[in-house]
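Engineer: Predicted model, plus sequence, below.
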Amino acid sequence: MGGEFIKPIAKLGGQIRVPGDKSISHRAALFGGMAHGETHVTNFLLGQDCLSTLRCLKQLGVSWERKDTEVWIRGEGMESWQEPADVLDAGNSGTTFRLMLGALAGSPFTITMNGDESLRTRPMRRVTDPLKQMGAQIMGRQGDNLAPITMRGGQLEGQAFKTSVASAQIKSAIILAGIRAKGETSVEEPLLSRDHTERMLRGFGVDVQSRNTLVKVQGGGRLQGQGVSVPGDISSAAFFLVLGSLVRQGEIFLPNVGINPTRTGILDALMAMGADIEILDEAEICGEPRATLRVRPAQLRGTEISGDMIPRLIDEIPVLAVAASLAEGETLIKDAAELRVKETDRISTVVKGLQALGVKAEELPDGMRIQGQRTLLGGQASSLGDHRLAMAWAIAGLLSQEGVSVENMAAADVSYPDFLTVIKKVAG
Ligand SMILES: O=C(O)C1=C[C@@H](OP(=O)(O)O)[C@@H](O)[C@H](O)C1
Ligand SMILES: C=C(OP(=O)(O)O)C(=O)O
């Protein structure tokens, strides 16, 4: 197997400015396209996923301009959206697919949404069912569950939904449809998922009520264009939090990282494992808290990660599993069956990848068990086209004894286009 060879490092230092938050960038672009007036986004993530959202908006007739990480969207309201002449392609992005469906459910025309090979295997009934109940007509493969999915939107009726999984994509799709529905729409989830939609919609002038796991919105709301300053992505910072904790020497500063409490499970988990992470210079801008994170090496110990912690660190589990491999004792991750429906089945792919690197890891139906060890030998690993795996295996390489060759490292472009450049700089 070829791949990108990532060699071990013993020390590192300095400052790493991680790119803009993926969830917040998607929402800034989409809400800007739904709004009236200009939305100016700074620190927009140039990952493939967020570029897919921008492309879909263009196909609907929304005009925007981008210069590096700044985006200007000239919204004319959802009423101005036009039936696209071609299929809307969400690429690898579940967020683009599900949030777009929700936003378009009130549009009186027909769209077809599709995605790449991975996205075409991911479950969509979790959003098509509620949107159908609200009044949209939807057809897709395997009982309207798999892309390509065709929808004819129209008059929607507000409804009260209870979801069986904690998912910000389901919650957001329903709320976005609810803005265009008659009456009240509410979503209650079993555990609190990330709340960027609720926070940002309030900034755009929509009256979104939320209490614990219940969110309500009244139909007929109007979005007003806004300035959105996107914080750095804590899901991207996670790779350096793990690296900085387990490297032998050095200190890293990560400025302007989003620390919304629905996203900081990774900080709680690493600190429970004994990590030396300090949160400095806290500030709140555009309704989203952010801070500088300082990380220093520490002896990590195994822990249990389960329950309401899971939605707060769901995308960080691949790199957390690498941390667990080098912690003292066992780490148990459970209640995380959602990992099976991400870009890959991340329970199976993470466990198999760790095993290939010589780690004792075991797959569980809803998680994994990992035996920590003193050293990680290294070897070969593949991203299997999953961006989070590509980056987790690169971190394993930097922390290994003999290096790791990562097949299809380019998958990282989905959420962190400069990752390899940063790693090479860090590795000297
Ligand atoms: O709403 C979002 O921006 C996201 C929600 C999560 O997915 P689910 O809603 O499927 O849990 C997360 O895994 C994904 O990376 C981004
Ligand atoms: C699951 C992810 O994203 P999405 O669902 O948008 O494809 C992710 O970024 O890890």
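Structural biologist: Received, thanks. Ligands and ions are numbered 1, 2, ... in the order given.
Engineer: residues touching the residue of the chain found nearest ligand 2, list them.
Structural biologist: In the chain, the residue that lies nearest ligand 2 is G94 (2.8 Å; C-beta to the nearest ligand atom). (Each C-beta comes from the backbone N, C-alpha and C, glycine too.) G94 makes contacts with L119, R122, Q169, K342, E343, as judged by C-beta atoms under 8 Å, 6 or more residues apart in numbering.
Engineer: Distance check, the third one against ligand 1.
Structural biologist: Counting by C-beta to the nearest ligand atom, to the nearest Å, the separation of Q169 from ligand 1 is 3 Å.
Engineer: Quick one: residues contacting the residue of the stretch 1-150 of the chain at minimum distance from ligand 1.
Structural biologist: Residue of the stretch 1-150 of the chain nearest ligand 1, by C-beta to the nearest ligand atom: S23 (3.2 Å). By C-beta under 8 Å, 6+ apart, the contact set of S23 is T95, A168, R194, H196.
Engineer: Among these, which ones are in strands?
Structural biologist: Applying DSSP state E to the contacts of S23, no entry is found in strands.
Engineer: any chance of those in CSV, plus pLDDT and neighbour count?
Structural biologist: Formatted as CSV, these follow (pLDDT from 0 to 100; neighbours: other C-beta atoms under 10 Å):
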residue, pLDDT, neighbour count
T95, 99, 22
A168, 98, 25
R194, 98, 25
H196, 98, 23
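Engineer: My guess is P297 contacts G250. True?
Structural biologist: Yes - P297 lies in contact with G250 (C-beta atoms under 8 Å); the separation is 7.1 Å.
Engineer: shared neighbours of these two, anything?
Structural biologist: Residues touching both P297 and G250 by C-beta under 8 Å, 6+ apart: G244.
Engineer: what's around D276, how many residues?
Structural biologist: By other C-beta atoms under 10 Å, 16 other residues sit near D276.
Engineer: Specify the beta-bridge partners of it.
Structural biologist: Legend: beta-bridge partners of D276 under DSSP bridges are R296.
Engineer: just checking, it touches V247?
Structural biologist: No - using C-beta under 8 Å, D276 is not in contact with V247, being 11.9 Å away.
Engineer: Are there residues contacting both of these two? Which ones?
Structural biologist: Shared contacts of D276 and V247, counting by C-beta under 8 Å, 6+ apart, come down to P297.
Engineer: picking up where we left off before, quick one, phi/psi of the residue of the stretch 1-150 of the chain closest to ligand 1?
Structural biologist: phi -60, psi -40 (degrees, to the nearest 10).
Engineer: Ok, the one 10 residues further on next?
Structural biologist: Geometry field for G33 lists phi and psi as phi -70, psi -20, criterion degrees, to the nearest 10.
Engineer: Would you enumerate the residues in contact with it?
Structural biologist: So G33 contacts L57, L60, V62, W64, I73, G75, W81 (C-beta under 8 Å, 6+ apart).
Engineer: Distance to ligand 2 added to those, as CSV?
Structural biologist: Output for those, formatted as CSV (distance: C-beta to the nearest ligand atom, whole Å):
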residue, distance to ligand 2
L57, 16
L60, 19
V62, 20
W64, 20
I73, 20
G75, 23
W81, 22
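Engineer: Can you lay out the residues you listed as CSV showing distance to G205?
Structural biologist: Formatted as CSV, the contacts of G33 follow (distance: C-beta to C-beta, whole Å):
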residue, distance to G205
L57, 19
L60, 21
V62, 18
W64, 20
I73, 15
G75, 12
W81, 19
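Engineer: per-residue confidence at G2?
Structural biologist: pLDDT, G2: 69.
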